[in-house]
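Novice: structure for this input, please:
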Amino acid sequence: MTSKSNDRRATLGKLAGLAAVAGLPAVAAGPALAQAEPIRIGLLLSLTGPFAPSGRQIEAGAKLWMAQNGDTVAGRKIELIVRDDTGTADVARRLAQELVVKDKVAALAGFVLTPLAFAVAPIATQSKTPMVVMVAATSSVIDASPFIVRVSFTIPQTTLGIAQWAPKNGIRKAITLVSDYGPGHDAEKVFAEHFTKGGGQVLDKMRVPMRSPDFAPFLQKVRDARPDALFVLVPAGIGTQVMKQFVERGLDKAGIRLIGQGSMVEDEIVNGMGDVALGVVTSDHYSAAHDSEVNRRFVADFKKANSGQRPSLMALAGYDGMRVIYKGLEKSRGAGGEAMVDAMRGLSFESPRGPVLIDPQTRDVVQNVYIRKVERKADGELYNVEFDTMKMVKDSDAK
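Specialist: Got it, this is the predicted structure:
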């Protein structure tokens, strides 16, 4: 070994000793300094099955944020690990455990469906891993773990708008039709409570099974009852089936209006519904037609990166979810655990949806809720066009 090599080893040894005394990381004694481990983010999405379109939109939104903002935060590379939970709670739980134990992720994110978020919450609590909920919209999800931060919306929050708008706009009698799961129950309760507070009357409350739903018999009962409107809450992707059977049963010709929370006419499906969707009024926190420069850039960039596909609120969820993860890591200087959760509390930013705040007390999202109507725009496509705004609504405002 040459004297030069001996001198190098001696110098590195001295630096390592000084680092130990100062409480600093030791200097590697190899030919190159050791590289910092990447910060791994585990993204659990439903990429197969009926909710696959939502999962793919979330993934595309998350990757768009990274493409625009780089893959380095707090001096370390970000590694996104995407796993398909298949829309199944047991699979989501197993994959989350693997991501925490084997991959040592700094955060878990995703969760298209409420049951999946509930399944993973205990793992986040036990391992003290931040869990960024990008969709799961049942109100109580946020209470499942002190490590959950929600960036999407809640069903009560976004249902409040249509529940208050309807009795002020000629709708006095209504029937509710919801999928029989957490978000459906939340929507049914909030709509009925605030619709009746406004002077309306709920004639009936109907719940449709999640698996293999057949809306026809329920819609026939609605037609026979002849309410002013039918309020609908179904998971993203099922709205087309409701709309088709609504028209086939002649409810539109009977003068019954179709209203709901926005999932029925999400941006990824509304244009394919055709004229039957025209005039449907819903309330929600995002539309691809939202009139802001920030949103126009988001829509254009998403379309460019995804073969012209229009972004939905699912794409926005992935986009803003990664934004919050990046900001949390920046503020906590790359730390995970409680420090990262605390760093995400109180974050505020201008999103493609409008102003957003992560409530510092509840860790839940606060945002505008818009009343929208399906209209055909100049490009010939259908959009949810916003015409009224409820500013900075909290989940608790609907309770």
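
Novice: could you list the buried residues of stretch 314-333?
Specialist: 314-329, 331-332 (16 or more other CB atoms under 10 Å). (C-beta placed from N, C-alpha, C; glycine too.)

Novice: show the contacting residues for the residue nearest to the spatial centre of the chain.
Specialist: By CA atoms, centre = their mean, the mean C-alpha position of the chain lies nearest to residue 135, the distance being 2.8 Å. Neighbour list for residue 135: 54, 58, 110-113, 152, 314, 317 [criterion: CB atoms under 8 Å, 6 or more residues apart in numbering].

Novice: which of the residues you listed fall within helices?
Specialist: Using DSSP state H, 54, 58, 314, 317 are the members of these that sit in helices.

Novice: count of neighbours near residue 308?
Specialist: Residue crowding around residue 308 was assessed by other CB atoms under 10 Å; the count is 8.

Novice: my error: substitute residue 205 in the last question.
Specialist: Counted with other CB under 10 Å, residue 205 comes out at 14.

Novice: cool, and the one 10 residues further on?
Specialist: Applying the criterion other CB under 10 Å, we find 22 residues in the vicinity of residue 215.

Novice: repeat that for residue 240.
Specialist: Look at residue 240: counted by other CB under 10 Å, it has 18 neighbours.

Novice: what helix or strand is it on?
Specialist: helix 239-248 (DSSP states H and E).

Novice: now for the protein, the helix or strand with the poorest mean pLDDT.
Specialist: helix 3-22 (a mean of 40; mean pLDDT, DSSP states H and E).

Novice: quick one, what contacts residue 291?
Specialist: residue 386 are the contacts of residue 291 under CB under 8 Å, 6+ apart.

Novice: checking my notes, it in a strand, right?
Specialist: No: judged by DSSP: H, G, I helix; E, B strand; the rest coil, residue 291 forms no part of a strand; its state is coil.

Novice: buried set for the helix holding residue 240?
Specialist: Result for helix 239-248 [16+ other CB under 10 Å]: buried residues 239-240, 242-243, 245-247.

Novice: spatially, which two of the residues you listed are the most separated?
Specialist: With CB to CB as the measure, no two of those lie farther apart than 239 and 247, at 12.8 Å.

Novice: ranges for the strands of the stretch 201-350 of the chain?
Specialist: 201-208, 229-233, 257-261, 281-284, 348-351 (DSSP state E, counting those that start in this stretch).

Novice: including distance to residue 80, could these go into JSON lines?
Specialist: Formatted as JSON lines, the strands of the stretch 201-350 of the chain follow (distance: least, CB to CB, whole Å):
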{"stretch": "strand 201-208", "distance to residue 80": "36"}
{"stretch": "strand 229-233", "distance to residue 80": "31"}
{"stretch": "strand 257-261", "distance to residue 80": "30"}
{"stretch": "strand 281-284", "distance to residue 80": "27"}
{"stretch": "strand 348-351", "distance to residue 80": "20"}
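
Novice: do you know which of the ones you listed lies nearest residue 268?
Specialist: strand 281-284 (13.1 Å).

Novice: contacts for the closest one next, please.
Specialist: With contact meaning CB under 8 Å, 6+ apart, strand 281-284 is reached by 153, 158-162, 165, 257, 259-265, 313, 369-373, 384, 390.

Novice: could you do stretch 344-356 as well?
Specialist: Taking CB under 8 Å, 6+ apart as the rule, stretch 344-356 contacts 130, 132, 149, 151, 285-286, 290, 292, 294-295, 297-299, 313, 316, 319-320, 323-324, 327-328, 331, 357-361, 363, 365-368, 392.

Novice: at 7 Å instead, please
Specialist: 149, 285-286, 290, 292, 294-295, 298, 316, 320, 323-324, 327-328, 357-358, 360, 363, 365, 367-368, 392 (CB atoms under 7 Å, 6 or more residues apart in numbering).

Novice: for the buried residues of helix 239-248, give me TSV that also has distance to residue 210 and pLDDT.
Specialist: Output for the buried residues of helix 239-248, formatted as TSV (distance: CB to CB, whole Å; pLDDT from 0 to 100):
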residue	distance to residue 210	pLDDT
239	14	83
240	16	84
242	14	90
243	18	87
245	17	92
246	19	93
247	23	91
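
Novice: between the residues you listed, which is nearest residue 175?
Specialist: The closest of those, once distances to residue 175 are taken by CB to CB, is residue 246, at 12.2 Å.

Novice: show me what contacts the closest one?
Specialist: Applying CB under 7 Å, 6+ apart, the residues contacting residue 246 are 219, 252, 258.

Novice: nearest to residue 99 among those residues?
Specialist: Looking across the contacts of residue 246 and measuring by CB to CB, the closest to residue 99 is residue 258, at 40.8 Å.

Novice: that closest one touches residue 279, doesn't it?
Specialist: No: with contact defined as CB atoms under 7 Å, residue 258 does not reach residue 279; the gap is 8.1 Å.

Novice: could you check which of those two has the larger neighbour count?
Specialist: Higher neighbour count among residue 258 and residue 279: residue 258, with 24 against 12, using other CB under 10 Å.

Novice: okay, and the beta partners of that one?
Specialist: For residue 258, the beta-bridge partners under DSSP bridges are residue 230.

Novice: surely residue 306 touches residue 60?
Specialist: Yes: using CB under 7 Å, residue 306 is in contact with residue 60, at 5.3 Å.

Novice: before we move on, the earlier item: looking at the strands of the stretch 201-350 of the chain, spot the one closest to residue 397.
Specialist: Of the strands of the stretch 201-350 of the chain, nearest to residue 397 by CB to CB is strand 281-284, at 12.8 Å.
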